[in-house]
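model the structure of this input:
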Amino acid sequence: MSLAIRVIPCLDIAKGRVVKGLRFENLRDAGDPVEAALRYEAEGADELTFLDIAAAVEERGTLIDLVSQVASVLSIPFTVGGGVKSVLDAGALLAAGADRVTINTAALANPALVTQLAETFGSQCVVVAVDGKRVQPPDGAVRMLAATHGGRRLTERDVATWAREVTERGAGEILLTSMDADGTKAGFDVDMLRAVRSSTKLPLVASGGAGTLAHFVEAVVSGGADAVLAASVFHDRVYAVGDVKAAILAAGLPVRPVEQTLLTSVDVAPGSPDPFGRVAFDERGLVPVIVRNASTGDVLTLAWANREALELTRTTGLSHFYSRSRSALWKKGETSGHVQNVLAVSVDCDGDAVLYDVRPQGPACHRGTASCFTETLRTEAAPERIDLEALFAVVEERQRNPDPLSYTVQLLSGGVPRIARKLGEEAVETILAAVGESDERVAEEAADLLYHLVVLLAAKGIPPEEIAKALARRRGTRRPTKVEKTVP
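A predicted model of the protein is given here:
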């Protein structure tokens, strides 16, 4: 069992939408994948799994563009599967932003593919999905068999035997879904979990059947799962990720804590359950909303919201407003795709204004600019500021859409050791410039140094938020001074 039990929401994808059904059938629409990804990360999910359940049936690859869109808004581990038939398919998903790939149908057709993927990308990147179903012949005992093509075709492979084989072939994790339990909300298939647990020591993810908080605990305690995965109870907001973690923790099992933000704890008026009880809506039921880039502090836009828009913003984690010209609710990015991930909602001291602190996914202005405030009436130009957030965004874009002629792409393709050496060279050049050259030259070398540092962090998968957290932890802390010994 892993040190901390992971809680993983699953996005089953068909025709570009999140779907959910019963025992892999009667699928219903469950929402937009990008919106769901943002919400689950905000709720404290440890990982997110994306399964293109129609890819194998339709004999096509995974929806790469959609994978890239979801990956672009996530900072938690992201596992993607569906339609992976080769090393090239897996490589394309990893290049699009996936951290790991899941294989099922192709692995059963060609078990050597598991080994090929493990040798190419490392076992940690390879998750074998096992869709198990009970079969009882008229004259025989019940068997648990693995299925392919989104659960539509049964094989003769026993799930426990298959789990043992993929372990030997180099898989890094097993995602076990019981087709009998899937969507029933009657509980995980503990017997199937035990059967697979007895045949492998790999991390085991339980999937299919969650309906109560007790079911998640049972999958770990009785089934031996290292992680629990669910879809409908999260999609339908029966439970939040934090609810599941609290139940697991109450059972004496370790989980990673959920980081709380202002988004889930907006000031509540004394004696009132209304999270926006302090907001002084005008006679039209509206309040002005200032939108600010949480990383840079730049004001992006000014809009208006009614109570419903504020509630949607708080519950979905995406900016919602009210259009005075159209007399209708609207979500930022609903047509352009330039959504805003809201990290905090604050209310003015007088209650007559609201502030959204956001992580923008594209321009804020309909004219295509980062901010609506691009014109200045001041006579003195504002001083330039270092915008490392923008630099991180450029490097991430190069990772998602590599251009062989790009210097950044060439650096990234050389791997961490090469980037680290280059960073060292830039550090030396900055030092030399500082002790013997002009201030302008020092600034140029410092810019090169910062650029190569951002590329190194991107190659390591370290987002700017982690650097900000590290700096925040040091703020106000006295660090010991090194005292150099001198020779008398």
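
any figure for the gap between residue 70 and residue 332?
Between residue 70 and residue 332 the computed distance is 18 Å (CB to CB, to the nearest Å). Using the backbone N, CA and C atoms, a C-beta is placed for each residue, glycine as well.

ugh, wrong one, residue 116
Separation of residue 116 from residue 332 (CB to CB): 43 Å.

helix/strand/coil for the residue most central in space within the chain?
Of all residues in the chain, the one closest to the mean position by CA atoms, centre = their mean is residue 74, 3.2 Å from it. Of the three states, residue 74 takes coil according to DSSP: H, G, I helix; E, B strand; the rest coil.

which residues touch it?
With contacts defined as CB atoms under 8 Å, 6 or more residues apart in numbering, the neighbours of residue 74 are 37, 41, 48, 97.

could you find the closest non-adjacent residue to the last one?
In other words, residue 97. Distances taken as CB to CB, 6 or more residues apart in numbering place residue 71 nearest to residue 97, at 2.4 Å, with adjacent residues excluded.

and for that neighbour, the neighbour number?
By other CB atoms under 10 Å, 24 other residues sit near residue 71.

list phi and psi for residue 91.
Backbone torsions for residue 91, taken as degrees, to the nearest 10, come to phi -60, psi -40.

so how many other residues sit close to it?
Around residue 91 there are 16 residues (other CB under 10 Å).

how much space between it and residue 40?
Separation of residue 91 from residue 40 (CB to CB): 26 Å.

which residues in the stretch 1-150 of the chain form helices?
Taking DSSP state H, counting those that start in this stretch to define them, one finds helices in the stretch 1-150 of the chain at 33-43, 64-71, 87-95, 105-109, 112-121.

I'd like the ones you listed as JSON lines, with mean pLDDT appended.
Output for the helices of the stretch 1-150 of the chain, formatted as JSON lines (pLDDT from 0 to 100):
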{"stretch": "helix 33-43", "mean pLDDT": "83"}
{"stretch": "helix 64-71", "mean pLDDT": "87"}
{"stretch": "helix 87-95", "mean pLDDT": "92"}
{"stretch": "helix 105-109", "mean pLDDT": "93"}
{"stretch": "helix 112-121", "mean pLDDT": "95"}
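
Serialize these to JSON lines and add fields for distance to residue 142.
Shown next, in JSON lines, are the helices of the stretch 1-150 of the chain (distance: least, CB to CB, whole Å):
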{"stretch": "helix 33-43", "distance to residue 142": "35"}
{"stretch": "helix 64-71", "distance to residue 142": "37"}
{"stretch": "helix 87-95", "distance to residue 142": "34"}
{"stretch": "helix 105-109", "distance to residue 142": "20"}
{"stretch": "helix 112-121", "distance to residue 142": "27"}
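
and these: which comes nearest residue 305?
helix 33-43 (17.7 Å; CB to CB).

who are the packing partners of the closest one?
Under the contact definition 3 or more CB pairs under 8 Å, 6 or more residues apart in numbering; DSSP states H and E, helix 33-43 sits against strand 6-14, strand 17-22, strand 48-52, helix 64-71, helix 241-250, helix 307-316.

and these, which one averages the lowest pLDDT?
Of all these, the minimum mean pLDDT falls on strand 17-22 (a mean of 62).

domain parsing for the protein?
The chain breaks down into these domains under automatic domain parsing: 6-250, 277-360, 388-474.

re the thing from before, could the helices and strands packed on helix 33-43 be laid out in CSV, adding distance to residue 375?
Written out in CSV, the entries for the helices and strands packed on helix 33-43 read as follows (distance: least, CB to CB, whole Å):
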stretch, distance to residue 375
strand 6-14, 41
strand 17-22, 40
strand 48-52, 40
helix 64-71, 31
helix 241-250, 43
helix 307-316, 27
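
and of the ones you listed, who's closest to residue 157?
Of all these, the one in closest proximity to residue 157, counting by CB to CB, is strand 48-52 (19.5 Å).

show residues contacting the closest one.
Contacts of strand 48-52 with the rest of the structure, by CB under 8 Å, 6+ apart, involve 8-14, 33, 37, 40-41, 62-63, 67, 70, 74, 76-83, 98, 102, 129, 175, 229.

now the buried members of those.
Among these, those that count as buried by neighbour count (16 or more other CB atoms under 10 Å) are 8-14, 33, 37, 40-41, 62-63, 67, 70, 74, 77-83, 98, 102, 129, 175, 229.

re the thing from before, residue 116 and residue 332: which is more packed in?
For residue 116 versus residue 332, the count of surrounding residues by other CB under 10 Å is larger for residue 332: 25 against 16.
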